[in-house]
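>>> mind looking at a prediction? Sequence and model below.
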Amino acid sequence: MTEPLIELRDIEKHFGAVIALAGVSLSVYPGECHCLLGDNGAGKSTFIKTMAGVHKPTKGQIFMGGQEVFFNSARDAIEAGIATVYQDLAMIPLMSVTRNFWMGREPKRRVGLINVMDFDKANGVTMEEMKKMGINLREPDQAVGTLSGGERQTVAIARAVYFGAKVLILDEPTSALGVRQTSNVLATIDKVRKKGIGVVFISHNVRHAMAVGDRFTVLNRGQTLGTAKRGEIEPEALQEMMAGGQELAELEGSLGGTV
Amino acid sequence: MKGLLRRTIGVAMGTLIAVAGVAGTAWAEGEKIILVSHAPDSDSWWNTIKNGLALAGDQVGAEVEYRNPPTGDIADMARIIEQSAASNPDGIITTLADPDVLSGPIQNAVAKGIPVIIINSGTPEQAAEVGALMYIGQPEYDAGLAAGQRAKRDGIGSFLCVNHVVSNPVVGERCRGFADGLGVELGSSMIDSGQDPAEIKNKVKAYLSANPDTQAVLTLGPTSADPTIEALKENGMAGDLYFGTFDLGTEIVKGIKDGTIQWGIDQQPFLQAYLPVIVLANYKRYGVLPGNNINSGPGFVTKDALAKVEEFAGEYR
Amino acid sequence: MSEATTNTADKDERIKEISRFRKAMIRPELGSICGVILVFVFFLLVARDSGMFSAEGVMNWGLVSAQFAIIAVGACLLMIAGEFDLSVGSMIGFSGIIIALMSVTYGFPMWIAILTAFAVALFVGYINGYLVIKTGLPSFIVTLAFLYILRGLTIFAAIATTNKTIIGGVRDAAEGDWLASLFGGKIFYGFFVWLADIGVIGKFVAGNRAGEPVIDGIPMLIVWAIALIIFAHILLTRTQFGNWIYASGGNAQAASYSGVPVNRVKILMFMFTAFCATVFATCQVMEFGSAAADRGLLKEFEAIISVVIGGALLTGGYGSVIGAALGALIFGVVQQGLFFANVESSLFRVFLGAILLLAVILNTYIRRIITGER
């Protein structure tokens, strides 16, 4: 097996007296989709924000390519190749697709004495990259607000991929989407994985995770309950681990196994 | 949304047409004379000017207009004078609230061949400098000086000046003149009261309790006088404190009547609006012009002979 | 990449085709363009013969509009970046008094006075921005505080040093100063003399200026307005920084996650707004020769109204400099035009309110089409 792109060991994060993470370990290999599962409040958000450089871990180590790394800001993590697509904050709806796509990394061109944005290049690349992800834009300057939720996630993913992400963290990308859009996003994840990028897919929906995941890590109350490979675990077992106990199993019984 | 949009445009067009109708009725025969004041919309004292202007316009058959900068910004007033000159009227009546700002636009109007009369603020000398036909008003410093001398004869040695228009240095001259008339330093006797009645009232009360040996209070117009009357009534000094004011108004007249105010200095604003219209109309028609400036004030209004003042207070007095 | 757009078979059949005409029409400035047409048609109907469209009349409302435009440009970029500045009016009074105090009362050369005013203004803008960023308070509150602080300081400084609230004599102090002429001068004098000679515009007939044209050049105020509009428009629509302005106002958190230096952008925009206010103040002081402590009252709202008429979104992230400039034009033409049209001046506010409401409704409609808001 190749070396992991990123490995986090025994990460702890305390907010004052609250222990949000109590020793979480996770690794991501190239071309792998690693699903991070957990109920609300399990510590998923804190964990990915630590990975993305937003939070500094209280304890624990992060390795990239075998070297220990320290992220002081989100900027550091982005430069190291860790791109994060947040659930609600991925896109700015009032801005055009192109402006969103290049936000923070605008291509520049010199005209006379001033540097202007190179819109020809920006628009061209945007259309091209979106097409690769299976979305045909009417025009690159259409506002993101006119796109569907799934398309917005796809723009964000295409952007991260184009800018050379090695590890792509997707925070609940499917939680607010309909069936069809969900399958589009899952297909996009599959395309990304095939490029050799490591994907961290956060979800609390086991079925979505099972559809694309290679490995599954379940978080509960700030701790890792274990990591399993695809085919080694049943969806029901994952569901049970997420819920962390008996109650749901009982409830599941009475609801006929649909939860 | 589309329907709402169409309806809104409809309503807006209706409003435009209605406003155009109002505009249309203002046209009449006769000379077009524009009065530009420096007063903000909130200054009610200028109502007398508006009424005097309208009355004179009616009597001589001239078309008159009153304009002012809504917030009292003199720079905006300069634009209004420029605009008035651009509309080619037969005469402009305006004030010289800030000669630095206004002399340029006024000189340009004069240079276009438009007769200009300066009223109210300014001095006869400044009026001559900008090329105006004449000055009609009450020289502020002289009026303040006369009032100060009168107060000194009445045995006054210290005072509070309630200035509600600190931004207008010409009006401030009244305080300076009053201090010189008393023979005291102005110093911190002048307070910036602002325009809000409640604020003025409380500032006056605060000053008087901090300086209990103040012998007199001078207000510079109804805006500061009315709340000051209230303040004195509330702290029990009404009638005891020597109280003089510039200008008249309904409350001031009441104050003079009940003894709260010793005297009011009437600069007779009615004349400042009425006379220039008459002068300009006749100048235009027959080329006749009085040979001198006209002093519309000062006149001290005391308890005696209040009847006419009372009858027309706030309207023509 | 052009295949993607030309190959119709590739297109999603659910995306409605939008006609070229409709696409050209639907832009953030549309509301203000309609407003400008409406306003000019109205005044051409009721005030055509009043001198409003003579050279002097045009210069009159042109100057007022240019004044609005100068502060509207700053307010526009700041609003797109997601913040307000209510201290613009007080900043105008403050800068003016600084210039007059330094040059007239203390006798410094005019260019030092002007540069000091700009330095102080940029510093105040920085403080405004810094406080908003650091405290996380709404800029509405922070700049409201500065509205009072600056106005109070202005009156205090003027009274404490000169016992007056109006400081005159600035024009004499500015005589021959290289920097002052950049704000108070006029250009194209010869062109207007020529226009007057061939009879296109009138000449003064009396007084010391007899024989000179009634308009003797384009005031620098208008040059500044146009320069600022062009600068801000290019900055906003064509540069990387412009994209950051949109992003900061659209969603500050998403922008900073993408590596946009949101705090820096916002602070710079506060500084730019203060810069524009000082340009306004300097031009005014140079033109009129005096500074007064009450200059600029309510100008912050006039700037914001111009920007909103121009199609910007009060919550940030959306707007247009050209729109804001057109909003300023509407504002100026209406304000001065009502005098020409002989309308009772108290109706000005009714008219302004109606235009504001109409513009906002129209702009909301346009924006929904563009951005797919629901």
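Arrived safely, thanks for sending.

>>> going forward, measure contacts between C-alpha atoms and count neighbours the same way
Noted.

>>> what segments of the stretch 51-200 of chain A are strands?
In the stretch 51-200 of chain A, the strands defined using DSSP state E, counting those that start in this stretch lie at A:59-64, A:67-69, A:82-85, A:108-111, A:114-117, A:167-171, A:198-203.

>>> please name the strands paired to the third one in the sheet, noting orientation.
The pairing partners recorded for strand A:82-85 under DSSP bridges are strand A:167-171 (parallel).

>>> do you know how far the closest residue to C:M286 other than its chain neighbours is from C:F280?
Nearest non-adjacent residue to C:M286, counting by Cα to Cα, 6 or more residues apart in numbering or on different chains: C:G184, 4.8 Å away. Per Cα to Cα, to the nearest Å, C:G184 is found 11 Å from C:F280.

>>> between these two, which contacts overlap?
Applying Cα atoms under 8 Å, 6 or more residues apart in numbering or on different chains, one finds that C:G184 and C:F280 are jointly contacted by C:L221.

>>> who has more neighbours, the two?
C:F280 (29 against 20; other Cα atoms under 10 Å in any protein chain shown).

>>> give me the element the more buried one is part of.
According to DSSP states H and E, C:F280 maps onto helix C:262-288.

>>> avg pLDDT for that helix?
Helix C:262-288 carries an average pLDDT of 95.

>>> tell me the first helix or strand C-terminal of that helix.
Scanning onward from helix C:262-288 (DSSP H and E), the first element met is strand C:291-292.

>>> identify all contacting residues around that next one.
With Cα under 8 Å, 6+ apart, strand C:291-292 has contacts from B:167, C:93, C:96-97, C:100, C:165-168, C:170, C:285.

>>> narrow those residues to those in strands?
C:166-167 (DSSP state E).

>>> output the contacts of strand C:291-292 as TSV; include the columns neighbour count and distance to A:P4.
Formatted as TSV, those follow (neighbours: other Cα atoms under 10 Å in any protein chain shown; distance: Cα to Cα, whole Å):
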residue	neighbour count	distance to A:P4
B:S167	25	74
C:G93	28	63
C:G96	32	64
C:I97	30	66
C:A100	33	68
C:T165	25	72
C:I166	23	73
C:I167	26	73
C:G168	23	75
C:V170	23	72
C:V285	33	68
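
>>> can you name the two of the contacts of strand C:291-292 that are farthest apart?
By the measure Cα to Cα, B:S167 and C:V170 form the most distant pair in the contacts of strand C:291-292, at 17.0 Å.

>>> quick one: contacts for the residue of the stretch 151-300 of chain C found nearest chain A?
Of all residues in the stretch 151-300 of chain C, C:T239 sits closest to chain A, at 4.3 Å by Cα to the nearest Cα. C:T239 makes contact with A:108, A:115-117, according to Cα under 8 Å, 6+ apart.

>>> cool, and C:A66?
C:221-222, C:225-226, C:328-329, C:332.

>>> state the helix or strand in which C:L329 lies.
Assigned by DSSP H and E, C:L329 falls in helix C:321-340.

>>> give me the subset of the contacts of C:T239 touching chain C.
Applying Cα under 8 Å from any Cα of the partner chain to the contacts of C:T239, one finds that A:108, A:115-117 fall near chain C.

>>> mind putting those residues into JSON lines with distance to C:A145?
Converted to JSON lines, these look like this (distance: Cα to Cα, whole Å):
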{"residue": "A:K108", "distance to C:A145": "39"}
{"residue": "A:N115", "distance to C:A145": "37"}
{"residue": "A:V116", "distance to C:A145": "37"}
{"residue": "A:M117", "distance to C:A145": "37"}
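
>>> most neighbours among those residues, please name it.
Ranking the ones next to chain C among the contacts of C:T239 using other Cα under 10 Å puts A:M117 first, with 24 neighbours.

>>> so B:P290, which of the three states?
Look at B:P290: counting by DSSP: H, G, I helix; E, B strand; the rest coil, its state is coil.

>>> name the nearest residue to it, sequence neighbours excluded.
B:V279 (7.8 Å).

>>> for the one you found, pull up the helix or strand it's in.
Going by DSSP H and E, B:V279 is in helix B:269-286.

>>> could you dump that helix to CSV, C-alpha only?
Listed next in CSV are the C-alpha coordinates belonging to helix B:269-286 (Å, rounded to 0.1, in the frame of the first residue of the first chain):
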residue,chain,number,x,y,z
PRO,B,269,-38.8,90.5,8.8
PHE,B,270,-42.1,91.2,7.0
LEU,B,271,-40.4,94.3,5.6
GLN,B,272,-37.4,92.4,4.6
ALA,B,273,-39.5,90.3,2.2
TYR,B,274,-42.2,92.8,1.4
LEU,B,275,-40.0,95.8,0.5
PRO,B,276,-37.5,94.2,-1.8
VAL,B,277,-40.3,92.8,-4.0
ILE,B,278,-41.9,96.3,-4.2
VAL,B,279,-38.5,97.8,-4.9
LEU,B,280,-37.5,95.3,-7.5
ALA,B,281,-40.9,95.4,-9.3
ASN,B,282,-40.8,99.2,-9.6
TYR,B,283,-37.2,99.2,-10.5
LYS,B,284,-38.0,96.8,-13.3
ARG,B,285,-41.1,98.8,-14.5
TYR,B,286,-40.1,102.4,-14.0
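
>>> show residues contacting that helix.
Counting by Cα under 8 Å, 6+ apart, B:31, B:33, B:48-53, B:55-57, B:60, B:62, B:90-91, B:93, B:115, B:117, B:119-120, B:136-137, B:288-290, B:296, B:316-317 sit against helix B:269-286.

>>> in chain A, which helix has the most residues?
helix A:179-194 (DSSP state H).

>>> picking up where we left off before, as JSON lines, the contacts of C:T239 with pLDDT and distance to B:Y274 would be great.
Shown next, in JSON lines, are those (pLDDT from 0 to 100; distance: Cα to Cα, whole Å):
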{"residue": "A:K108", "pLDDT": "89", "distance to B:Y274": "68"}
{"residue": "A:N115", "pLDDT": "87", "distance to B:Y274": "64"}
{"residue": "A:V116", "pLDDT": "89", "distance to B:Y274": "63"}
{"residue": "A:M117", "pLDDT": "89", "distance to B:Y274": "65"}
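
>>> which of those sits closest to chain B?
A:M117 (35.7 Å).

>>> any idea how far B:I106 is from that closest one?
For A:M117, the distance to B:I106 - Cα to Cα - is 50 Å.

>>> pretty sure C:C276 contacts C:Q67?
No: counting by Cα atoms under 8 Å, C:C276 stays clear of C:Q67, with 10.1 Å between them.

>>> am I right that C:A121 falls within a helix?
Yes: the assignment for C:A121 by three-state DSSP puts it in a helix.

>>> hmm, it is touching C:M91, no?
Yes: at 7.3 Å, C:A121 and C:M91 qualify as touching, with contact defined as Cα under 8 Å.

>>> neighbour count winner among the two?
Counting neighbours by other Cα under 10 Å for C:A121 and for C:M91 shows that C:M91 has the greater number, 34 against 25.
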